[in-house]
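Visitor: Got a predicted structure here, sequence first:
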Amino acid sequence: MHWGNWYFCDEEFGQYVQFRETNKLYYFKMKIYLSRSTAGTYGGALNGNLRYLDRFIQNELNNSGFKSSFEELWLTISYPPMYVLPGIAGMEVSFMEYYRTLPYSRLNRRFKKIDITLKAPEFSEHFDKAKQNKYEHKFEIEPQFKNISESELGRILIDKYIEAIEIISSKLKKEDVFDCEIFKKVLLAIKLKINPDFLQNMNMVQSEEAKNSAVSLANQLRNERQKVDRPKNKLIRDLRVYYCSLPNKALYPYDTIYSEIFLNLLVRERLMCPTYHHLYINVAKSVNDALLSAFSFKDWHVNGLAIIDYEKYQTLTEKEKENVVFQTILSGLLDIATIDKLDIDIINKVAEKIQENGIDTELHFKTIENKSYKLVITYFSRSMEDECPVFFNLTDKTNNITKRHQIGKAGRLQLYMWMQKITLNNKQIIIKSSDSIRAQVWLKDKPTLLEFDISELMK
């Protein structure tokens, strides 16, 4: 970066881009974004061989000499739904009211961003047909928008971009720069090429380039993190395991159990992090697979890499699988700690403690005490299907005698709602559950008020 001459290097496009200086206009290598919207759904890429068509358009535009005083163009294609998800039946009515008001457009000169939303009923089947039969609330679309081939959809998408350019052209001001004719020329040239073979070959090339770009960016961000030593002022708050190119529930239930155990103990040991508090472990068969999802432009979470021999994993005994998952999560944590210079001693200390009892490591929920008694509530992590055993560990401070009782079981996601308010006096322990609507749904038939006599507990 060279601020003296007002230039910066755009890493993604590998070209120099000029800034806007007082009373002077400089041009940006405009980035295009394509999204979709319908009732209850927003965002996501196109399917099949159209997935990277917008990326191909971007590459052709970059090489065309196109100039713009805007940094971003966001095109959203909006279409009538063929189904709505459970719980939002009726949303299609309000969506269609909005849909009939389209097109929407805004040229935001302050943030150098263009937003265009267009009607695109041709894409309803492309996005919704495959899933329609899974849902109760489903809808028909007009006959002329059915059975449209992939190639024809590609050409229709080009037409949507041209429609967007016409809208932009009508709203440009004298000081704006947006090479409409060059953009349209690029689009029309692509439209002439579109056929099944072109889309298939283009998708293969763009898919590989997208993967390489993602891996390169992930490595770049990891290297940048390694060069700095930021203040560690955020307490770890969440730890999750994500699969990269692995089957659904590949490491379940051990990933669920061990991530909770690690998190509980790391919070107790106060593992501090820089800027982020959510730690995500990307588990994959190869480093490149893990890197594909290992970057974020948000500063509140970070990704660690962990590699697993999944073919071998499937041949192991349950006890061996349990240990492999433990080691895998530990590996991902150490990856993060090494790059960001976290306290590795804390992580190793926690790992040693977990190794003593494995998935039967007892976890701390809450400690409450008064002058006479100390109550430590603990539990054991279990799978999503099983409930976690919950224990009272009540100590009489006058004689230092502790009594232990299991008071019930609760699902992992129920615990904090079930025991939201805990009161301890010299005679009773009272537990009250949350009275929120969410708690009423999640707690089901769990008692919302529990009262325990201390004299009985200490017998």
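Guide: In hand now; what should we look at? Numbers count the residues shown, from 1 in each chain.
Visitor: now the helices: where do they sit in this protein?
Guide: 53-62, 91-99, 124-132, 150-171, 180-193, 196-226, 254-268, 287-291, 310-313, 318-340, 344-357, 415-418, 437-443, 454-457 (DSSP state H).
Visitor: now the end-to-end length of stretch 106-126.
Guide: Stretch 106-126 has an end-to-end distance of 27 Å (CA to CA, to the nearest Å).
Visitor: Any buried residues in it, and which?
Guide: 107, 113-120, 122-126 (16 or more other CB atoms under 10 Å). Bear in mind the C-beta positions are built from the backbone N, C-alpha and C, glycine included.
Visitor: Out of those residues, which sit inside strands?
Guide: Taking DSSP state E, the ones among those that sit in strands are L107, K113, I114, D115, I116, T117, L118, K119.
Visitor: Can you give me the neighbour number for the residue nearest to the second one when sequence neighbours are not counted?
Guide: The shortest distance from K113 to any residue other than its chain neighbours is 4.6 Å, reached at E72 (CB to CB, 6 or more residues apart in numbering). Neighbour count for E72, taken as other CB atoms under 10 Å: 16.
Visitor: What of N223?
Guide: 10.
Visitor: got it, and D255?
Guide: The burial count for D255: 21, using other CB under 10 Å.
Visitor: so how far is Y276 from it?
Guide: Separation of D255 from Y276 (CB to CB, to the nearest Å) stands at 20 Å.
Visitor: where does the stretch 251-400 of the chain have low pLDDT?
Guide: Within the stretch 251-400 of the chain, the stretches with pLDDT under 70 are 297.
Visitor: List the buried residues for stretch 401-413?
Guide: I407, G408, K409, A410, G411, R412.
Visitor: again with stretch 295-308
Guide: F295, H301, V302, N303, G304, L305, A306, I307, I308.
Visitor: so how far does that stretch reach from one end to the other?
Guide: Terminal residues of stretch 295-308 are spaced 20 Å apart (CA to CA).
Visitor: One more: stretch 248-259?
Guide: OK, stretch 248-259 end separation, CA to CA: 17 Å.
Visitor: Pull the residues that contact that stretch.
Guide: 239-241, 243, 281, 283, 308, 310, 313, 321-322, 325-326, 328-329, 354, 359, 381-385, 412 (CB atoms under 8 Å, 6 or more residues apart in numbering).
Visitor: Of those, grab the buried ones for ChimeraX.
Guide: Typed into ChimeraX, the line below selects the buried ones among the contacts of stretch 248-259, using 16+ other CB under 10 Å:
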select :239,241,243,281,283,308,310,313,322,325,326,328,329,354,359,381,382,412
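Visitor: pretty sure G408 contacts V390?
Guide: Yes: G408 is within contact range of V390, at 5.6 Å (criterion: CB atoms under 8 Å).
Visitor: any idea how far the nearest residue to S433 once chain neighbours are set aside lies from T423?
Guide: Excluding the flanking residues, the one nearest S433 by CB to CB, 6+ apart is T448, at 4.0 Å. Using CB to CB, one gets 14 Å for the distance from T448 to T423.
Visitor: now, which of the buried residues of stretch 401-413 lie within strands?
Guide: I407, G408, K409, A410.
Visitor: separation between K184 and Q206?
Guide: 22 Å.
Visitor: of those two, who's got more company?
Guide: Taking other CB under 10 Å, K184 and Q206 do not tie; Q206 has more neighbours (20 against 16).
Visitor: who touches C388 in this structure?
Guide: So C388 contacts Y379, F380, S381, R382, K409, A410, G411, R412, L415 (CB under 8 Å, 6+ apart).
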